[in-house]
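Asks: 3D model of this:
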Amino acid sequence: MSNFNRFVLLFILLLFGFGISVPAQQNDLQHLKSKLNALQQKKEFRNDTSYLKTLNRIVSIYADSYPDTALNLLPTLLQDCKNANSTEGEVNAFNLYGSAYQTKGNFEKALDYYEKAYALAQKEGFKKTLSGLLGNIASIHLNQGNYPVALQKYYASLKAAELVNDKPVIMSSYNNIGTVYFYQGKMAEAETAYNETLKIAKEIKDTSSMALAFNNIGEVNLEQNNPSKALHNLSIAFELAKLKNIPDILVAVSNTLGDTYLRLDSIQKSYDFFESALTISRQQDNGRATCKALIGLAKVKKSEGLYKAALENGLEGLQKAESMGQVQLLRDANEIVADIYEALGDGNNAIKYFRNFKIYADSLQSLESERIVANYKAENEFSKKEQEFVRQSLQQRWLIFSAFAALLSLLVIVWIINRNKKRLNSSNKALQQKNLIIEGQKQTAEETLNKLKATQTQLIQSEKMASLGELTAGIAHEIQNPLNFVNNFSEVSNELLEEMKSELAKGNYEVAKQIADDVKQNLEKINNHGSRADAIVKGMLQHSRTSSRKSESTDINSLCDEYLRLAYHGLRAKDKSFNAKFDTDFDNTIDKVNIVPQDIGRVILNLINNAFYAVNERKKLNEPGYEATVTISTKKENNHVIISVKDNGTGIPSSIKEKIFQPFFTTKPSGQGTGLGLSLAYDIVTKGHGGELKLESKEGEYTEFVIILPA
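Replies: A predicted model of the protein is given here:
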């Protein structure tokens with residue numbers, strides 16, 4: 001390269017640097033450029049070690065934030081290092097080539113330059129450099145979805161860094177190991193590695209790495225379905241990145257915050273963060289971040305029903321992922337594009353892109369499977385070679401000593417055969433005896449198992465009959481109302497008929513017609529209340545008989561209201577002093593749901609009875625201003641029907657929450673509970689209806705059971 005071209009590139013560097021500074025390291029750049037200007041005054045400044053290090057540092061800053069500028073400067077830096085016989089400088093230049101291409105998303109070229117740098121560093125014995133280069137090589141394999149190779153090289157990088165106590169590389173290795181575990185879905189291992197990263201970052205006061213660690217921990221929290229904890233860690237990461245103005249971390253945190261707010265259905269905030277991430281990543285020419293932001297925007301717009309705009313972002317993100325060959329992003333981009341086409345009703349394209357999604361998703365899983373198979377084959381091969389080696393060694397020893405020990409060996413063999421024969425006979429007898437014992441134990445165990453099954457059936461029937469008994473008192477009270485109406489209207493109708501006969505005798509036909517109309521209305525009311533009584537009786541019969549396990553189209557709101565009132569009146573019938581407020585909050589937009597009404601009715605009855613029991617127990621404490629309240633509510637959300645039974649009773653201690661759905665576990669005094677109610681309720685909801693039964697409680701304040709059923 002001519003001196004003129006060298007000076008032109010140096011001029012571009014200085015001009016670009018002063019015109020478009022990198023915010024993340026503004027002060028460093030200003031200082032480095034001033035130093036470079038001073039060194040430039042020297043006659044042989046290109047052979048000056050200080051000049052090469054300064055230029056190298058400037059290019060390294062641009063490689064992470066403005067890769068195109070770095071790639072324009074690197075040929076000059078590499079040639080100057082060669083002219084100055086600076087092998088270390090050449091290694092760094094190759095490494096910076098890799099970093100710049102990695103930022104752009106060109107992983108093949110990045111890997112090629114990283115491996116050139118590693119080969120040269122290994123040849124020259126630069127031990128401290130090897131660990132960092134191993135980590136860079138591993139990051140390319142990670143981006144290409146080759147998790148086993150990436151993890152292997154990250155651990156090799158960690159081991160090499162620990163040998164020379166290189167804290168920054170140790171920290172980076174832990175962060176990268178956490179990333180591999182994150183992509184593999186091993187969130188506990190990922191969080192452990194990220195916390196180790198954060199610990200070292202705080203120790204060496206590396207703000208950028210602290211921000212990155214908080215961001216990564218936030219991503220783990222999000223995958224663990226803990227968005228509030230995720231927001232806490234991401235907010236710290238965002239503030240640190242803003243404080244130091246680090247664009248590559250700002251864009252990473254913005255993308256993660258976009259995902260978090262999308263998960264929380266905070267659409268506008270999610271859109272703002274993805275839009276911000278897209279703007280910054282495009283300014284930096286950061287291919288991976290741009291792709292993630294485009295995929296995020298596509299998800300946001302799809303959730304808003306803006307399918308065409310979402311498709312535009314999704315296809316652009318897919319094109320970006322294809323140009324980089326980044327397997328995770330190819331998987332995610334194909335998935336959102338398939339979802340959008342499905343929403344648009346374009347089945348052919350939906351199937352096409354879903355097939356691509358499955359190919360990339362399966363490829364990520366198959367790489368791990370191939371690694372396991374390869375390890376197994378290697379271990380098996382090693383075992384065969386080891387056995388062959390042992391066999392040959394034994395054969396050689398036998399040939400050496402056989403001449404001296406043939407007779408002795410023969411005698412020993414005969415003795416061993418006789419001894420083994422005696423032992424074998426003894427073992428056979430003992431084995432026969434043990435078989436007889438085992439057979440007897442097996443028979444006993446089978447009998448015990450049958451008894452346990454019979455006992456379990458009886459207990460379940462007992463629990464069912466107990467709930468039926470609780471229903472009976474409520475039904476007796478509830479059925480009394482329609483029966484009273486029937487009796488009253490019958491008496492009134494009888495009196496009206498007598499009046500009508502009297503009026504007819506007098507010839508007052510108009511008055512008689514009016515009385516006949518009144519009688520007709522009374523008969524209609526008698527019919528309505530008779531139907532009401534009939535429905536109550538049928539409900540009781542349905543509850544008492546064995547479930548047919550056939551789903552029926554059922555009005556959830558009516559079912560909840562009916563069992564709430566039956567439970568309340570049942571308790572009032574048993575204990576006249578019992579009194580509690582009960583509220584309902586029903587979603588009237590819920591359509592009828594296909595369920596087994598007897599089974600779900602038993603679940604609701606059990607939960608309501610427990611709620612009334614809890615508020616009654618707290619009421620006995622005579623707390624000032626306490627009002628016993630049970631609330632049952634329904635709502636439809638995301639193709640699911642949610643039924644909530646909440647009370648402000650005694651609550652459930654944290655120590656027993658995990659046991660609450662176990663069979664025979666009860667918090668009620670002896671004789672007041674079988675311990676099967678919640679266990680049966682859990683099985684009915686989860687196994688019988690494919691739903692969920694959740695518990696939320698705070699001791700001394702409230703308990704809430706939530707039933708989630710597919711709509």
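Asks: all contacts plus neighbour counts: C-alpha atoms, from now on.
Replies: Fine.
Asks: does Lys320 really touch Ala289, like I thought?
Replies: No - taking contacts as Cα atoms under 8 Å, Lys320 lies outside contact range of Ala289: 10.2 Å.
Asks: those two - which one has more neighbours?
Replies: Ala289 (26 against 22; other Cα atoms under 10 Å).
Asks: contacting residues for the nearest residue to Asn106 once chain neighbours are set aside?
Replies: Nearest residue to Asn106 in three dimensions, chain neighbours excluded: Met324, at 5.4 Å (Cα to Cα, 6 or more residues apart in numbering). With contact taken as Cα atoms under 8 Å, 6 or more residues apart in numbering, Met324 is in contact with Gly105, Asn106, Phe107, Gly287.
Asks: the domain parsing of the chain - what is it?
Replies: Recorded structural domains for the chain (assignment: automatic domain parsing) are 1-106, 126-205, 206-285, 552-710.
Asks: between those, which gets nearest to Gln328?
Replies: domain 126-205 (6.5 Å; Cα to Cα).
Asks: next one: the closest one to chain centre, how far?
Replies: Its chain's average C-alpha position is 24 Å from that of domain 126-205, according to Cα atoms, centre = their mean, to the nearest Å.
Asks: first-to-last residue distance for that domain?
Replies: End-to-end distance for domain 126-205: 26 Å, by Cα to Cα, to the nearest Å.
Asks: now that domain: average pLDDT?
Replies: Averaging pLDDT along domain 126-205 gives 84.
Asks: helix or strand: which one has Leu250?
Replies: Assigning secondary structure by DSSP states H and E places Leu250 in helix 247-263.
Asks: next one: Thr703
Replies: Per DSSP H and E: strand 702-710 holds Thr703.
Asks: the closest residue to Leu564 other than its chain neighbours: neighbouring residues, count only.
Replies: Excluding the flanking residues, the one nearest Leu564 by Cα to Cα, 6+ apart is Ile608, at 6.6 Å. Per other Cα under 10 Å, the neighbour tally for Ile608 reads 26.
Asks: got a list of what Ile608 touches?
Replies: So Ile608 contacts Leu564, Ala567, Val630, Val645 (Cα under 8 Å, 6+ apart).
Asks: farthest pair within these?
Replies: Ala567 and Val645, at 12.8 Å, using Cα to Cα across the contacts of Ile608.
Asks: out of the contacts of Met324, which sit inside strands?
Replies: In strands, defined here by DSSP state E, there are no members of the contacts of Met324.
Asks: want to throw those residues into TSV with distance to Tyr360?
Replies: Shown next, in TSV, are the contacts of Met324 (distance: Cα to Cα, whole Å):
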residue	distance to Tyr360
Gly105	18
Asn106	19
Phe107	17
Gly287	19
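Asks: out of these, who has the most neighbours?
Replies: Gly105 (26 neighbours).
Asks: distance of Ala298 relative to Val251?
Replies: Note on Ala298: its distance to Val251, by Cα to Cα, is 17 Å.
Asks: likewise for Glu203?
Replies: Counting by Cα to Cα - Glu203 and Val251 are separated by 25 Å.
Asks: more neighbours: those two, which one.
Replies: Val251 (28 against 10).
Asks: I'd guessed that one sits against Cys291; true?
Replies: No - if you go by Cα under 8 Å, Val251 and Cys291 don't touch, sitting 11.5 Å apart.
Asks: per-residue confidence at the residue of the chain most remote from its centre?
Replies: The outermost residue of the chain relative to its centre, with distances by Cα atoms, centre = their mean, is Lys506 at 84.2 Å. For Lys506, the pLDDT comes out at 86.
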